[in-house]
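**Student:** Next comes the sequence, and after it the predicted model I'd like to discuss.
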Amino acid sequence: MRFSKLLIPTSKETPNDATLASHIYLIRGGFIQSVGGSGLYNFLPLGKRVLDKVKQVVKEELDRVGCQEVSLAFVTPASLWEESGRYEKYGKELLRFKDRKENVFVLGPTHEEMMVNLVRQSVKSYKQLPLNLYQINLKFRDEIRPRFGLMRGREFLMKDGYSFHADEADMKREFDLMEETYKKIFRRLGLEFRVVEADSGAIGGSGSKEFMVLADSGEDTIVVCDGCDYGANIEAAVRQEKVCDAPAPQLGKEKVHTPNASTMEELAAFFDVDPFYLVKTVAMRALYDEGRSEIVLFALRGSDALQEVKACNAVDANDLVEVSEEELASAGLVAGFMSPIDVPEGVRVIVDKTIEGATDMICGANEKEYHTTGNTIEGNLDYHDIVAVQEGDLCAKCGGELRYTKGIEVGHIFQLGTRYSEPLGATFLDENGKSQPMVMGTYGIGVSRLLAAIIEQYHDDKGCIWTKETTPFDLYILVSNVKDEAQMRSAQKLYEELSAEGVDVLLDDRKDRFGAKIKDFELLGIPYGVVFGKKLSEGSVEIIERKGLAKEEVSLDEIKDKIVAKVRG
Ligand code: ATP
Ligand code: MG
């Protein structure tokens, strides 16, 4: 295609809300355009080309393993969300609205209910199972802070797939197949990624994995082991149980006056003990359906930190928020001196499971300026894993050292079981004629987020660097001086010959300065450029490789074959 005929509004201006390279370059390169600066984007011709290429890879790999593409209605009746019990639970990210007849609808942030509804109407027998249906369609989430361009939009394109099975074993087989298929997809897209254990929400279990593109700008912290292939989102990461070399305080059961010692550091200094022997008690307000909420105390070792997603799952809440000192006081609690033991009536307590049975622990006394020593954490308490794994902790699998890295979540696969099929009545008759709920899996890919993830992983200080499978064009031909007829003629000829070979070429035939065109070539990130310049009179042109910007002089006779080999290679 000819640059002069395409809408590619490149710009030198960095959008003022943009901090990430992908956000800046996708806008500056004219791939996308912001709509009102609130997480809504238009895809311009170049962006649409990349999007289509990503979609194509996703579709090809899914279709190859028997998944079937459908397209669901975007507007979802709220009644389906009421059936599943998520209408309240989903919170403010769910955009709810009414039509002229006062019927309530939502814009689908994910489509479990819609897909279950589709299947329950047409699948009745085990003979029709298994089934894996997917769509590549818009989702809407009224994100509290839409940011980073395509990374966290409010409207975005997702591939969402759902599988339906007669039993758990068959669902697990499909889950493994999806993991392999997703790996193929992300490898084809040219990404460096890691598959990690993910938070499975209140449903629990180990049946959830995320696909993380490794990038410093990633919003997710992932815990990886240097000794083995263990990797997990911090929200789900586990570690070998910790031990402490420092001696336990031999203090006996006592109430001690501890003025000015309300933080873990102050307390450790006051008693001259390792924070391992202190109990840290964190109060949070847990929010539930229908506006219900309660104060919950989370107790863990002073040397550990609370992982809020784990904590939230432990009480099956929709969210956890901070509590003010006044709220604490009215519940009979004293900030800085709280304890999981002898709490005021009606305050719920969750205790980290690694301190079950711990002795010689120092706790708050639930009284201002007092702590108690010599406590044993025992009895009928509610124990859960609520700690955040820290760098340097040891791997539960191999004993190696764990460290943090940053990732961008581009895919998520989840063993759902009967979470949706039961409430929505998606049942089938098994071989014995008995009615059973279908067992489900769900599989998502952030298709539009992938554009941002690719650029986060591959860019330099000049612009984008697309991978071969995702580039909007295979080759960018630059004509140094469009008024030079010989240059224009030769460039045109190469453009036609390569197009006939199936190579996608962008011919920059604009009457701009050469310097401006080179800048656009660098900004757009097409993997190869060919420059028709002064050397043409000596029968040669220049190939520029976008990654690294290495240049190579090539004779005009060889250029076509060279490019074909590079593009196909
Ligand atoms: P995140 O933790 O990043 O908010 P999520 O876990 O809520 O994502 P899922 O429900 O797992 O997202 O959705 C499947 C995929 O959709 C994600 O893996 C991600 O790639 C993509 N995605 C989710 N939210 C957004 C968004 N606001 N903008 C763009 N892509 C998104
Ligand atoms: Mg997810």
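**Tutor:** Sure, I can see it. Ligands and ions are numbered 1, 2, ... in the order given.
**Student:** give me every residue that touches the residue nearest to Val447 when sequence neighbours are not counted.
**Tutor:** Nearest residue to Val447 in three dimensions, chain neighbours excluded: Leu157, at 4.3 Å (CB to CB, 6 or more residues apart in numbering). Bear in mind the C-beta positions are built from the backbone N, C-alpha and C, glycine included. Contacts for Leu157 (CB atoms under 8 Å, 6 or more residues apart in numbering) come out as 51, 55, 136-139, 446-448.
**Student:** And Phe271, by the same measure?
**Tutor:** By CB under 8 Å, 6+ apart, the contact set of Phe271 is 249, 251, 278, 362, 373.
**Student:** Quick check, pLDDT for it.
**Tutor:** Predicted confidence (pLDDT) for Phe271: 95.
**Student:** going forward, begin numbering at 28 instead of 1
**Tutor:** Happy to do that; since the first residue is 28 now, the last one works out to Phe298.
**Student:** Now do the SS call for Lys424.
**Tutor:** The three-state label given to Lys424 by DSSP: H, G, I helix; E, B strand; the rest coil is coil.
**Student:** how about the nearest residue to it, chain neighbours excluded?
**Tutor:** Tyr257 (4.8 Å).
**Student:** What is the host helix or strand of Ile51 packed up against?
**Tutor:** Element membership for Ile51, per DSSP states H and E: helix 48-55. If contacts are counted by 3 or more CB pairs under 8 Å, 6 or more residues apart in numbering; DSSP states H and E, helix 48-55 sits against strand 59-61, helix 474-484, strand 486-487, strand 490-491.
**Student:** nearest to ligand 1, of the ones you listed?
**Tutor:** When the helices and strands packed on helix 48-55 are compared by CB to the nearest ligand atom, helix 474-484 sits nearest ligand 1, at 3.8 Å.
**Student:** May I ask you to confirm that Phe175 is in contact with Ala48?
**Tutor:** No - here Phe175 lies out of contact with Ala48, judged by CB atoms under 8 Å, at a distance of 10.1 Å.
**Student:** Spit out the residues that contact these two alike.
**Tutor:** With CB under 8 Å, 6+ apart as the test, Phe175 and Ala48 both reach Ser244.
**Student:** rewinding a little: please indicate which of the contacts of Leu184 are buried?
**Tutor:** Burial by neighbour count, 16 or more other CB atoms under 10 Å: within the contacts of Leu184 this picks out 78, 82, 163-164, 166, 473-475.
**Student:** of all these, which comes closest to Leu505?
**Tutor:** Leu78 (25.2 Å; CB to CB).
**Student:** mind checking which helix or strand the closest one is in?
**Tutor:** Going by DSSP H and E, Leu78 is in helix 72-91.
**Student:** Who are the packing partners of the helix or strand following that helix?
**Tutor:** Going down the chain from helix 72-91, the next helix or strand is strand 95-96, by DSSP H and E. Packing partners of strand 95-96 (3+ CB pairs under 8 Å, 6+ apart): helix 72-91, strand 158-167.
**Student:** let's see it at 7 Å
**Tutor:** Packing partners of strand 95-96 (3 or more CB pairs under 7 Å, 6 or more residues apart in numbering; DSSP states H and E): strand 158-167.
**Student:** Name the surrounding residues that touch the strand it packs on.
**Tutor:** 82, 85, 89, 93-99, 101, 122, 134-137, 142, 146, 150, 181-191, 201, 474 (CB atoms under 7 Å, 6 or more residues apart in numbering).
**Student:** What of stretch 572-581?
**Tutor:** So stretch 572-581 is contacted by 492, 552-556, 562, 567-571, 589 (CB under 7 Å, 6+ apart).
**Student:** Report the buried residues of it.
**Tutor:** 573, 581.
**Student:** centre of the chain versus that stretch, how much separation?
**Tutor:** Its chain's C-alpha centre and that of stretch 572-581 lie 34 Å apart, by CA atoms, centre = their mean, to the nearest Å.
**Student:** what is the mean pLDDT for it?
**Tutor:** For stretch 572-581, the per-residue pLDDT averages 97.
**Student:** just to revisit the earlier point, from Gly426, how far off is the residue nearest to Lys424?
**Tutor:** 11 Å (CB to CB, to the nearest Å).
**Student:** Neighbour count: the two, which is higher?
**Tutor:** Using other CB atoms under 10 Å, the more surrounded residue of Tyr257 and Gly426 is Tyr257, with 20 against 11.
**Student:** Let's verify Asp169: helix, strand, or coil?
**Tutor:** coil.
**Student:** In contact with it, which residues?
**Tutor:** 119-120, 122, 181 are the contacts of Asp169 under CB under 7 Å, 6+ apart.
**Student:** Enumerate the beta-bridge partners assigned to the closest residue to ligand 1 within the stretch 428-577 of the chain.
**Tutor:** At 2.1 Å from ligand 1, Gly473 is the closest residue in the stretch 428-577 of the chain, using CB to the nearest ligand atom. Assessed by DSSP bridges, Gly473 has beta-bridge partners Met185.
**Student:** Looks like it contacts Val437 (just checking).
**Tutor:** Yes - applying CB atoms under 7 Å, one finds Gly473 in contact with Val437, separated by 5.2 Å.
**Student:** Can you give me the domain assignment for this structure?
**Tutor:** 70-265+430-483, 281-411, 502-595 (automatic domain parsing).
**Student:** Where does pLDDT dip in the chain?
**Tutor:** For the chain, the stretches with pLDDT under 70 are 228-233.
**Student:** Any idea how many residues pack against Asp44?
**Tutor:** 14.
**Student:** Could you do Tyr470 as well?
**Tutor:** Tyr470 - counted by other CB under 10 Å - has 25 other residues nearby.
**Student:** helix or strand for it, which one?
**Tutor:** strand 466-473.
**Student:** tell me which residues form a beta bridge with the most centrally placed residue in the chain?
**Tutor:** For the chain, the residue sitting closest to the mean C-alpha position, by CA atoms, centre = their mean, is Glu436 at 2.4 Å. Beta-bridge partners recorded for Glu436 (DSSP bridges): Met239.
**Student:** same check, this time on the one 4 residues further on
**Tutor:** The residues paired with Ile440 through beta bridges, assigned by DSSP bridges, are Lys236, Tyr470.
**Student:** I figured it hits Phe202, correct?
**Tutor:** Yes - the pair Ile440 / Phe202 is scored as a contact, 6.2 Å apart, by CB under 7 Å.
**Student:** Tell me where the stretch 378-527 of the chain has helices.
**Tutor:** Per DSSP state H, counting those that start in this stretch, the stretch 378-527 of the chain has helices spanning 474-484, 512-527. These are given in chain order.
**Student:** Can you spell out which helices and strands pack onto the longest one?
**Tutor:** For helix 512-527, the helices and strands in contact under the criterion 3+ CB pairs under 7 Å, 6+ apart are strand 502-506, strand 532-535, strand 555-559, helix 583-595.
**Student:** Go through those and name the closest to Pro72.
**Tutor:** strand 532-535 (10.7 Å).
**Student:** can you pull the contacts of Gly566?
**Tutor:** 582-583.
**Student:** gap between it and Ser517?
**Tutor:** 10 Å.
**Student:** shared neighbours, the two?
**Tutor:** Joint contacts of Gly566 and Ser517 (CB under 7 Å, 6+ apart) are Leu583.
**Student:** if we can go back for a sec, with Thr248 as the reference, measure out to the residue of the stretch 428-577 of the chain closest to ligand 1.
**Tutor:** Gly473 sits 18 Å away from Thr248, taking CB to CB as the criterion.
**Student:** Check the contact between the residue nearest to the centre of the chain and Glu237; I expect there is one.
**Tutor:** Yes - Glu436 is within contact range of Glu237, at 5.2 Å (criterion: CB under 7 Å).
**Student:** residues near the closest residue to Leu34 other than its chain neighbours, how many?
**Tutor:** In space, and not counting its chain neighbours, Leu34 is closest to Pro72: 5.4 Å by CB to CB, 6+ apart. Around Pro72 sit 13 other residues, with neighbours defined as other CB under 10 Å.
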